[in-house]
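J.: what follows is a predicted structure for the sequence shown.
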Amino acid sequence: MKNTFLLIFLLFTTISLSQIKYEKGYYIDNSNKKVECFIKNMDWFNNPDNINVRLNENGDTKNLSIDQIKEFGIYNTSKYVRVKVKMDRSSEIADKISSNRNPIFNEELLFLNVLVEGDATLYLYEDHNLKRFFFNKDNDSIKQLVFKSYIIEYSKVGENNHYKQQLLNNLKCPSIKISRIKKLDYDKEDLRTLFEDYNNCGKEKTSKSYEDKYKRDLFNLSLRPRLVSSSINFVNELYNYDEIDFGNKTNIDFGIEAELILPFNKNKWSVFVEPTYHSFNEKITFIYDNLYAPPLDYQAEVKYNSIEVPVGLRYSLFLSDKSKVFVNVAYLADIRFKNSYLKINNEQGTNLTELDLYSDNSWAFGAGYKFLDKYTIEARYQTSRSISTNYDNWFSEHESLSLIIGYSFL
């Protein structure tokens with residue numbers, strides 16, 4: 001069963017990750033010619049310096065660099081313009097913050113992401129941990145909105161918030177109060193709202209915003225009951241026991257999952273943690289075949305209760321605005337309850353062996369379907385792990401296959 005599941009999982013992963021979607025867009029070349037095309041939408045986390053285009057949806061792919069195009073866009077989703085700007089790349093990482101309060105500008109050729117367009121236009125540039133906002137007004141030259149952290153003394157960090165003065169000087173509107181600018185963060189949503197309000201301040205509303213149509217909730221909290229088929233077996237080399245196999249047992253376990261959607265690549269990637277109560281309790285009779293005595297019937301009892309805590313990465317493929325399929329992989333830590341044990345008694349009921357059980361960590365692989373961002377069904381396989389890790393002569397395997405039903409309430 002587990003081999004079949006892993007084969008399906010790997011096949012599904014390969015198909016999902018190979019999906020390439022080209023969306024209707026355009027680019028403007030160096031001769032100012034606008035070319036209608038299809039652009040591979042990467043929902044860029046870092047601003048790109050090249051794009052892949054097709055003149056028709058199933059045509060040949062052509063790569064265009066920043067030197068070849070002045071502008072490109074995906075309709076109703078995003079727009080990028082090529083500009084030569086002065087930009088400060090001072091780090092905001094704690095151990096790399098400069099002691100210089102002033103920005104250090106260097107001229108660079110960049111694709112800037114247009115966030116809000118109008119009488120005043122807001123742009124964004126991102127490169128890993130670097131985030132810089134730019135603006136211009138009434139088609140003036142594009143300038144960086146200046147924010148910079150710097151070391152004052154004894155590791156105390158100050159902030160150069162010159163961007164607030166720039167906005168006060170340029171975005172004058174009766175509805176935009178000084179108190180609002182003073183509280184304004186160097187943040188995408190705060191700045192976007194401010195520029196939209198300014199562009200819509202007069203009689204003529206000029207504001208146009210570019211928002212990824214794939215934007216969804218960035219956090220989900222879900223109840224996740226499941227039907228679990230699991231198995232446990234033990235082998236002891238010292239006492240020559242045959243394999244003590246407790247077979248497959250089906251239980252109902254219960255978990256709660258917190259999922260954080262990563263804000264790039266069209267929200268296809270997320271990380272999750274899912275504490276889950278798990279139990280396996282069973283008694284069996286097995287034969288102890290000693291070379292020096294007749295075979296004897298022994299009784300074995302296993303009780304294993306734990307909180308499993310998978311921490312994982314999930315990839316989703318959207319089928320429509322209402323549904324998606326996904327695959328995930330997780331590293332699973334197992335926190336056992338104190339009353340987890342293996343007991344072995346002889347025919348007379350005398351206790352011969354009692355082990356306190358402790359578990360290794362393991363891996364989990366899942367694939368599933370989600371509807372309306374609320375209802376989930378998932379099949380998950382958890383790889384074999386030892387639950388007798390603190391005993392040298394005892395070897396054990398515990399693995400499971402689950403069918404999970406989920407409901408997202410947040």
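T.: Ah, there it is. Numbers count the residues shown, from 1 in each chain.

J.: just the pLDDT for residue 395.
T.: At residue 395, the pLDDT value in this model is 90.

J.: residues contacting it?
T.: 234-237, 386, 388 (C-beta atoms under 8 Å, 6 or more residues apart in numbering). No exception for glycine: its C-beta is placed from N, CA and C like everyone else's.

J.: which one of those has the most neighbours?
T.: residue 234 (26 neighbours; other C-beta atoms under 10 Å).

J.: hmm, it is touching residue 396, no?
T.: Yes - counting by C-beta atoms under 8 Å, residue 234 touches residue 396, with 4.8 Å between them.

J.: closest to residue 148 among the contacts of residue 395?
T.: Residue 148 has its nearest neighbour among the contacts of residue 395 in residue 386, at 52.5 Å by C-beta to C-beta.

J.: what's the farthest-apart pair in the contacts of residue 395?
T.: 237 and 386 (14.1 Å).

J.: tell me where the stretch 151-300 of the chain has strands.
T.: 157-160, 208-209, 219-236, 244-261, 269-273, 276-288, 296-318 (DSSP state E, counting those that start in this stretch).

J.: can you check the stretch 301-410 of the chain too?
T.: So, for the stretch 301-410 of the chain - with DSSP E, counting those that start in this stretch - the strands run 323-336, 341-345, 351-356, 362-371, 375-385, 394-408.

J.: include distance to residue 179 when you put those into a markdown table, please.
T.: A markdown table is the format used below for the strands of the stretch 301-410 of the chain (distance: least, C-beta to C-beta, whole Å):
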| stretch | distance to residue 179 |
| --- | --- |
| strand 323-336 | 43 |
| strand 341-345 | 65 |
| strand 351-356 | 63 |
| strand 362-371 | 43 |
| strand 375-385 | 45 |
| strand 394-408 | 38 |
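
J.: where among those strands is average confidence lowest?
T.: Going by mean pLDDT, the lowest-scoring of those is strand 351-356, which has a mean of 86.

J.: can I get it in PDB, CA atoms only?
T.: Extracted in PDB, the C-alpha atoms of strand 351-356 (Å, rounded to 0.1, in the frame of the first residue of the first chain):
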ATOM      1  CA  ASN A 351       5.300  -9.900  33.600                       C
ATOM      2  CA  LEU A 352       8.500 -10.800  31.700                       C
ATOM      3  CA  THR A 353       9.200  -7.500  29.900                       C
ATOM      4  CA  GLU A 354       8.100  -4.000  30.200                       C
ATOM      5  CA  LEU A 355       9.500  -1.200  28.000                       C
ATOM      6  CA  ASP A 356       8.900   2.500  28.200                       C
END
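
J.: partners of it in the sheet?
T.: Neighbouring strands of strand 351-356 in its sheet, by DSSP bridges, are strand 341-345 (antiparallel).

J.: so where's the chain shaky on pLDDT?
T.: For the chain, the stretches flagged by pLDDT under 70 are 1-20, 212-217, 239-242, 288-295, 321.

J.: quick check, central residue of it?
T.: Closest residue to the average C-alpha location of the chain: residue 270 at 2.1 Å, with C-alpha atoms, centre = their mean.

J.: what is in contact with residue 234 and residue 396 at once?
T.: Joint contacts of residue 234 and residue 396 (C-beta under 8 Å, 6+ apart) are residue 388.

J.: among the contacts of residue 395, which one sits closest to residue 112?
T.: residue 386 (54.2 Å).

J.: related to what we said a few turns ago, tell me what the residue nearest to the centre of the chain is bridged to.
T.: residue 261, residue 314.

J.: would you enumerate the residues in contact with it?
T.: Counted by C-beta under 8 Å, 6+ apart, residue 270 has contacts 259-262, 313-314, 316.

J.: ok, and the most crowded of those?
T.: residue 314 (22 neighbours).

J.: contact partners for that one?
T.: Contacts for residue 314 (C-beta under 8 Å, 6+ apart) come out as 259, 269-272, 326-328.
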